[in-house]
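In: Predicted model follows, preceded by the sequence.
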Amino acid sequence: MARGEGGGRWHYVLLGVIAILGGLASGIPALRSTTMFFVVVISWAALSGLVELLAGIRNRRAGDPTGRDMVTVGIATLLLAVAVLVVPQTYSLVYTIEEAGSFTLTGIILAVGMFGAYAAIVAVYLAIAGFSPRRRTPAQVEAPEAADQGGPA
């Protein structure tokens, strides 16, 4: 099934709704806390990763070449949820660097760092995927003139 046919974009709408709900929840000033950060990131990553993974598997079965990228991003997002889930919110490590002073490494610092690393990795991965040449489908190989003109194969 092509992306434009029969509800082929359901996952994009669902991912948008999940992101908007996460943004709305995290935008309430009275709820901003370390606990809320963990709750929002874990729930957003788990739901988004699951939707992305399921849509990617479905697209791969339908022969859509973007399915592979969707599966990869879905797995990475689910790994983010697990990584943030295993970080204790109350984690605190005080350490000293000579000539620099004492510092404290906390659970929120680790979680924000993991989220930033995830965002950087996925951004680079998707940029590479976006600028890579598309593979030709079997229909385009059989009728290259129709595929080049955008007409039906």
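Out: Thanks, I have it. Residues are numbered from 1 along each chain as shown.

In: okay, and for this protein, where does confidence drop off?
Out: 1-7, 135-153 (pLDDT under 70).

In: go with 50
Out: 1-4, 6 (pLDDT under 50).

In: in it, which spans are helices?
Out: For the chain, the helices defined by DSSP state H cover 10-26, 34-61, 67-86, 107-131, 138-142, 144-149.

In: Need these in a markdown table (columns: mean neighbour count and distance to residue 99).
Out: Any C-beta I mention is one placed from the backbone N, CA and C, and that applies to glycine too. Output for those, formatted as a markdown table (neighbours: other Cβ atoms under 10 Å; distance: least, Cβ to Cβ, whole Å):
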| stretch | mean neighbour count | distance to residue 99 |
| --- | --- | --- |
| helix 10-26 | 14 | 38 |
| helix 34-61 | 18 | 31 |
| helix 67-86 | 18 | 33 |
| helix 107-131 | 14 | 22 |
| helix 138-142 | 12 | 63 |
| helix 144-149 | 11 | 64 |
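
In: can you tell which of those is closest to residue 94?
Out: Nearest to residue 94 among these is helix 107-131 (12.6 Å), distances taken as Cβ to Cβ.
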